[in-house]
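Asker: Any chance you can model this:
(one chain, ligands or ions: 2)
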Amino acid sequence: MKERRFTKTKDLLMNASESKNTMLTFEAAVTTLLNAVNCKLSAEITPLDCCLGRILTEDIHSPLQIPSYHNSAMDGYAVKFADLHCHRLFRVVGHSLAGHPYRQPVPAGCCVRIMTGAELPAGLDTVVMQEDVQLQSDGSIEFKSKVSAGAHVRLAGSEIEKGTLVLSAGQRLGPLHLGLAATLGFARLPVFRKLKVGVLSTGDELVKPGESLSDGQLYDSNRFVLAAMLKRLDLELVDYGWVADDPVQLKTLFQKVAAEADALITSGGVSVGDSDYTKQVLAELGQVDFWKVAIKPGKPFAFGKLNDCWFFGLPGNPVSAIVTLDQLAQPALRKLAGEKVMQRPLFEAVASHTFRKKPGRLDFQRAVVEQGDGRLTVRPVGKDSSGMLTSLIDANCFAVLEAERSDVAAGDLVAVQFFSELLN
Ligand code: AMP
Ligand code: MG
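Answerer: Ligands and ions are numbered 1, 2, ... in the order given. Next comes the predicted model:
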């Protein structure tokens, strides 16, 4: 097979490459990632029932007004408001039901029995609830209480005017967006092709779950967590399995992935250990920089390109791998997939216990947030090793402790970020 040539993309990572020996702040790392990547995916016109989780390629303007006709919000009687001053008893001349409008003229002093959602007959402007009506023995009706003009009428176009921008390019389509598209009559929508993302674990010590462990080995858990997190982003996932700390094998595999996928997520091998060959191999193959990001957990992080394939090298420790995928790679992957990237909200909570913290790095501490008496309270889970996956399982949020901060005392305010759908 012909070996693919890898070219270096100049200036891709200016900020990052300048910081070879310095720590990159979290904000600078995210900004660099987001500035570097762009969505190049083609559009696919997709049936509405296959659009859940997909990302719109273009703005959608309403082809209709909603409601498309004046209709009743109640079961009752439709009248002309001005008639109420001249008549006491009204004759019921017909029925307007949902799907079966009453299209005859309605003479003065007459009304139409109308059901919720049914079209308001021409010339009528007000609906009186059936509870507010006195039925007479001759079939005519009297209105028991004061009626206000235009009551219980949903005017055409009162929710959406024709031509309004209803869905924007870059919107990830959830159930409500699909409902709205259906309301407007769209059977299909233009969405981006799914971003094809590979996942790969590196490390001689790793064993596939189901096989037996020898001394010094451990099961490869990262690939399963990371793949499951990526599935929540509705990407096309390719599992490249596991590769040993061996430069020849790494090179062969990276070349294969670069030819097949839009992005590759690896875990392990990005720090400076004796068997961390990723750096050496990537230096031969593409433009990938190795960052020290001032976050805890997850300091080492690699980012760059192998031909047209984006490369995200996460650290091997499970919590570090998960946090760097969630906090650093996730926004970039969303942008690559075509999504408009939103900043994640932080909430203010009161620390109910002490948080241990050394100044220097932005700390994503695993924590439990609870509804206290009128305000949120937060406590650390009590395990902060980057190797302990259980510390994340016990948590429901990150207590986001600013880089310069030291220990947090009980009673202090702490910024809290609830786990995203990737971790739940
Ligand atoms: P590394 O970043 O390659 O130095 O890996 C750091 C540590 O993370 C290793 O010693 C392992 O204990 C752990 N680790 C690396 N890869 C995995 C994985 N795929 N699943 C679980 N733990 C891992
Ligand atoms: Mg390793």
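
Asker: How many residues are close by the closest residue to residue 47 other than its chain neighbours?
Answerer: Once flanking residues are discounted, residue 47 sits nearest to residue 188: 5.4 Å by CB to CB, 6 or more residues apart in numbering. C-beta: built from backbone N, CA, C; applies to glycine. Counted with other CB atoms under 10 Å, the burial measure for residue 188 works out to 14 neighbours.

Asker: Also residue 158?
Answerer: Counted by other CB under 10 Å, the residues lying close to residue 158 total 12.

Asker: what kind of secondary structure is it in?
Answerer: Put simply, residue 158 is coil when judged by DSSP: H, G, I helix; E, B strand; the rest coil.

Asker: What values do phi and psi take at residue 120?
Answerer: In this entry, residue 120 is assigned phi and psi values of phi -80, psi 120 (degrees, to the nearest 10).

Asker: that older thread, got the contact list for the residue nearest to residue 47?
Answerer: With contacts defined as CB atoms under 8 Å, 6 or more residues apart in numbering, the neighbours of residue 188 are 45, 46, 47, 48.

Asker: Give me the pLDDT value at the last one.
Answerer: Okay, so that is residue 48. The per-residue pLDDT reported for residue 48 equals 98.

Asker: Distance of it relative to ligand 2?
Answerer: 45 Å (CB to the ion, to the nearest Å).

Asker: count of neighbours near that residue?
Answerer: For residue 48, the tally of surrounding residues (other CB under 10 Å) stands at 16.

Asker: And the first one, by the same measure?
Answerer: The burial count assigned to residue 45 is 10, neighbours taken as other CB under 10 Å.

Asker: Tell me which residues touch it, please.
Answerer: Neighbouring residues of residue 45 by CB under 8 Å, 6+ apart: 188, 189, 190.

Asker: these two touch, right, the second one and residue 58?
Answerer: Okay, so that is residue 189. No: here residue 189 does not reach residue 58: they are 9.2 Å apart, not a contact under CB atoms under 8 Å.

Asker: Pick out whichever of those two has more residues nearby.
Answerer: Summary of the neighbour comparison: residue 189 and residue 58, criterion other CB under 10 Å, with residue 189 having more neighbours (23 against 13).

Asker: Helix, strand or coil: sort out that one for me.
Answerer: Look at residue 189: counting by three-state DSSP, its state is strand.

Asker: burial of the nearest residue to residue 356 once chain neighbours are set aside, as a residue count?
Answerer: The shortest distance from residue 356 to any residue other than its chain neighbours is 5.8 Å, reached at residue 407 (CB to CB, 6+ apart). Using other CB under 10 Å as the criterion, residue 407 is surrounded by 12 other residues.
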